[in-house]
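Chemist: pasted the sequence and its predicted model underneath.
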Amino acid sequence: MRIRDSIHTDQLPPSYYAATCNDTADFPRLEGNIKVDVCVVGGGFTGVATALHLAEAGYDVALVEQNKIGWGASGRNGGQIIGGYGQSMSDMAKINKSFGKKNVQAVLDMGVECVDIIRDWVEKYAIDCDLTWGYFDAAMKPSDMDYLLGAMDTMQKHGYPHEQRVIGQDEVKSIVGSDKYIGGVVNMGWGHAHVLNLVRGEARAAEKLGARIYEDARVSSIDIQDDQTIVNMDTCRVTANHVVLAGNAYLGHLVPKLASRVIPAGSYIIATEPLSEELADKIMPKRYAVCDQRWALDYFRMSADRRMLFGGLATYSGRHPSDIVAAVRPNMLKVFPELESAEITHAWGGYMGIGLNRIPQLGRIAPKVYYAQAYSGHGVAPSHMSGRLIAEAIGGKTDRFDIMVGVKHPPFPGGRMFRQPILAVGMAYYRLKDAWG
Ligand SMILES: Cc1cc2nc3c(=O)[nH]c(=O)nc-3n(C[C@H](O)[C@H](O)[C@H](O)COP(=O)(O)OP(=O)(O)OC[C@H]3O[C@@H](n4cnc5c(N)ncnc54)[C@H](O)[C@@H]3O)c2cc1C
């Protein structure tokens with residue numbers, strides 16, 4: 001199956017999520033010019049979470065999305081809700097160095113809070129998104145196990161509030177029915193969801209609180225003035241006191257400074273037909289989300305209607321593979337040979353924003369123009385934290401936002417022309433490392 005990433009469309013990209021979305025009704029188009037307190041550009045989790053946090057705090061907010069809410073990475077990802085806010089939790093030296101020793105507890109707490117935001121909103125706004133708790137970090141070799149035990153130790157020492165359990169080789173098949181894994185760690189504070197229903201449900205919640213959410217509203221330029229910013233679309237504009245740029249890997253070169261620090265990397269997913277209950281119970285008895293520990297990792301989970309959603313395959317060339325099923329299915333069959341005869345009903349992919357140090361990038365390009373981007377493949381929960389931090393900063397409370405602003409984010413080497421090929425070579429190295437153990 002071939003996918004196309006048309007940059008301006010009134011359709012959601014074809015995927016399992018789009019085919020089973022419970023709310024595809026359009027949000028309105030913006031007709032004419034408006035003035036608001038805050039204008040958010042981009043209708044993925046970063047933008048929608050920012051809008052919802054601001055609407056909850058009583059701001060007059062407008063969100064403009066070039067296509068449909070959830071059209072970008074947020075509505076087509078693996079659906080894995082993973083905590084942590086950009087830190088490798090088994091490496092305290094790295095955490096100390098990135099954030100400063102005095103901020104470590106605050107950063108680890110934000111890594112828990114980002115998931116709490118989703119938990120709270122799904123309940124508070126009754127969002128129907130198949131939210132399921134339970135996550136399994138799978139180990140394929142002893143060094144993976146060492147890494148996972150180190151991360152678990154750090155989390156426990158810093159007060160992680162949810163159940164975590166070490167799984168040995170003898171127990172692993174009670175979680176994933178595959179010969180691939182030697183053990184791992186279960187985390188009941190993380191989980192998975194139908195992300196398109198989640199992001200659109202959050203946008204509806206913001207709309208009900210008074211936020212103005214617009215689709216088919218592509219921003220072509222931004223005019224930053226002393227006391228206000230004008231966000232221009234083809235036929236209309238929004239004038240705002242504050243602007244939040246939440247276009248991430250899809251923002252393109254609208255703001256060159258942001259583009260130089262984020263690279264769009266492709267990731268791809270296939271979905272099987274619904275499996276029999278017997279087969280589903282054999283291969284995914286607990287229905288937890290699962291990830292392995294490689295750079296080019298497999299990630300998978302069972303949907304509510306018992307389809308295997310299996311993802312992986314990172315590309316850095318800026319081009320999608322011509323046949324996603326041919327590229328991803330062999331990896332799925334290595335983990336679950338039992339799925340040989342399962343029909344593949346959907347295949348899709350999208351771009352995620354990768355940063356050089358893999359820590360989310362938050363900041364301002366002008367005193368009242370904020371941005372958040374580059375979750376490096378791990379953004380469903382962290383984007384909710386970014387939205388909260390930006391809303392706090394707009395409200396004048398900048399202590400937590402400033403911790404993230406303080407992290408250094410070097411641009412990618414190679415400039416606009418060569419950074420993507422250079423990254424592709426770097427990633428090929430890590431893939432070889434995965435293969436050689
Ligand atoms: C295939 C895939 C699998 C993934 N799996 C996982 C996973 O399992 N777990 C996880 O935590 N993370 C995962 N990720 C990463 C995660 O999806 C992202 O980090 C997260 O969704 C980023 O959200 P965002 O709102 O910042 O960006 P996006 O969701 O990409 O949203 C940006 C939006 O901005 C809009 N936009 C851009 N430019 C303009 C403009 N000029 N005018 C108006 N609108 C504009 C775009 O149309 C887009 O809708 C995955 C990503 C992909 C692609």
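Modeler: Alright, I've got the coordinates. Residues are numbered from 1 along each chain as shown.

Chemist: C-alpha from now on. contacts and neighbour counts both.
Modeler: Fine.

Chemist: can you map out the strands along the stretch 251-400 of the chain?
Modeler: Listed in chain order, the strands of the stretch 251-400 of the chain (DSSP state E, counting those that start in this stretch) span 263-272, 289-291, 299-302, 308-315, 344-354, 361-366, 369-373.

Chemist: lowest mean pLDDT across those, which one is that?
Modeler: Across these, strand 308-315 has the smallest mean pLDDT, namely a mean of 90.

Chemist: quick one: it to chain centroid distance?
Modeler: Computed by Cα atoms, centre = their mean, to the nearest Å, the chain-centroid distance of strand 308-315 equals 14 Å.

Chemist: one more: stretch 199-218?
Modeler: 19 Å.

Chemist: and if you look at stretch 74-84?
Modeler: Relative to where its chain is centred, stretch 74-84 has its mean C-alpha point 5 Å off (Cα atoms, centre = their mean).

Chemist: quick one: terminal-to-terminal distance for that stretch?
Modeler: Counting by Cα to Cα, to the nearest Å, you get 17 Å between the two ends of stretch 74-84.

Chemist: ok, now stretch 152-162?
Modeler: OK, stretch 152-162 end separation, Cα to Cα: 11 Å.

Chemist: show me which positions of it end up buried.
Modeler: 152, 154-155, 160 (16 or more other Cα atoms under 10 Å).

Chemist: would you mind putting these into CSV with distance to the ligand alongside?
Modeler: Output for the buried residues of stretch 152-162, formatted as CSV (distance: Cα to the nearest ligand atom, whole Å):
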residue, distance to the ligand
152, 18
154, 20
155, 18
160, 19
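
Chemist: quick one, which of the strands of the stretch 251-400 of the chain gets closest to residue 212.
Modeler: strand 369-373 (18.8 Å; Cα to Cα).

Chemist: for that closest one, enumerate the helices and strands it packs against.
Modeler: The contact analysis (3 or more Cα pairs under 8 Å, 6 or more residues apart in numbering; DSSP states H and E) places strand 369-373 against strand 237-245, strand 361-366, helix 382-394.

Chemist: at 6 Å instead, please
Modeler: strand 237-245, strand 361-366 (3 or more Cα pairs under 6 Å, 6 or more residues apart in numbering; DSSP states H and E).

Chemist: what is the orientation angle of the helix or strand containing residue 46 with strand 237-245?
Modeler: Using DSSP states H and E, the element containing residue 46 is helix 45-56. Angle of helix 45-56 versus strand 237-245, following axes from the mean of the first three to the mean of the last three Cα atoms, to 10 degrees, is 110 degrees.

Chemist: tell me the angle of helix 45-56 relative to strand 369-373?
Modeler: 130 degrees.

Chemist: could you export whichever helix or strand comes after helix 45-56 as PDB, CA atoms only?
Modeler: Next helix or strand after helix 45-56 toward the C-terminus (DSSP H and E): strand 61-64. Provided in PDB are the C-alpha atoms of strand 61-64 (Å, rounded to 0.1, in the frame of the first residue of the first chain):
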ATOM      1  CA  VAL A  61      -8.100  30.900  22.400                       C
ATOM      2  CA  ALA A  62      -8.300  30.000  18.700                       C
ATOM      3  CA  LEU A  63      -6.600  27.000  17.200                       C
ATOM      4  CA  VAL A  64      -5.900  26.800  13.400                       C
END
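
Chemist: give me the helices and strands touching strand 61-64, please.
Modeler: strand 34-41, strand 212-214.

Chemist: at 8 Å what do you get?
Modeler: Going by 3+ Cα pairs under 8 Å, 6+ apart, strand 61-64 lies up against strand 34-41, helix 45-56, strand 212-214.

Chemist: who's in contact with it?
Modeler: 36-43, 47-48, 51, 54-55, 210-219 (Cα atoms under 8 Å, 6 or more residues apart in numbering).

Chemist: tell me the mean pLDDT over it?
Modeler: 98.

Chemist: and that strand, how far from the chain's centre?
Modeler: Centre to centre, stretch against its chain (Cα atoms, centre = their mean), the figure for strand 61-64 is 20 Å.

Chemist: how about the residues of the stretch 151-300 of the chain near the ligand?
Modeler: Contacts of the stretch 151-300 of the chain with the ligand, taken as Cα under 6 Å from any ligand atom, map to 217-220, 246-251, 266-268.

Chemist: and the buried residues of stretch 152-162 as a markdown table, adding pLDDT?
Modeler: Listed next are those as a markdown table, based on pLDDT from 0 to 100:
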| residue | pLDDT |
| --- | --- |
| 152 | 95 |
| 154 | 92 |
| 155 | 94 |
| 160 | 96 |
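
Chemist: now, among those, which is nearest to residue 348?
Modeler: Out of the buried residues of stretch 152-162, the member with the shortest distance to residue 348 (by Cα to Cα) is residue 152, at 32.8 Å.

Chemist: let me see the contact set for the closest one.
Modeler: 89-90, 164.

Chemist: which of those lies closest to the ligand?
Modeler: residue 89 (15.7 Å; Cα to the nearest ligand atom).

Chemist: so the closest one: helix, strand or coil?
Modeler: What DSSP: H, G, I helix; E, B strand; the rest coil gives for residue 89 is coil.

Chemist: then the one 4 residues further on?
Modeler: For residue 93, the secondary-structure state derived from three-state DSSP is helix.
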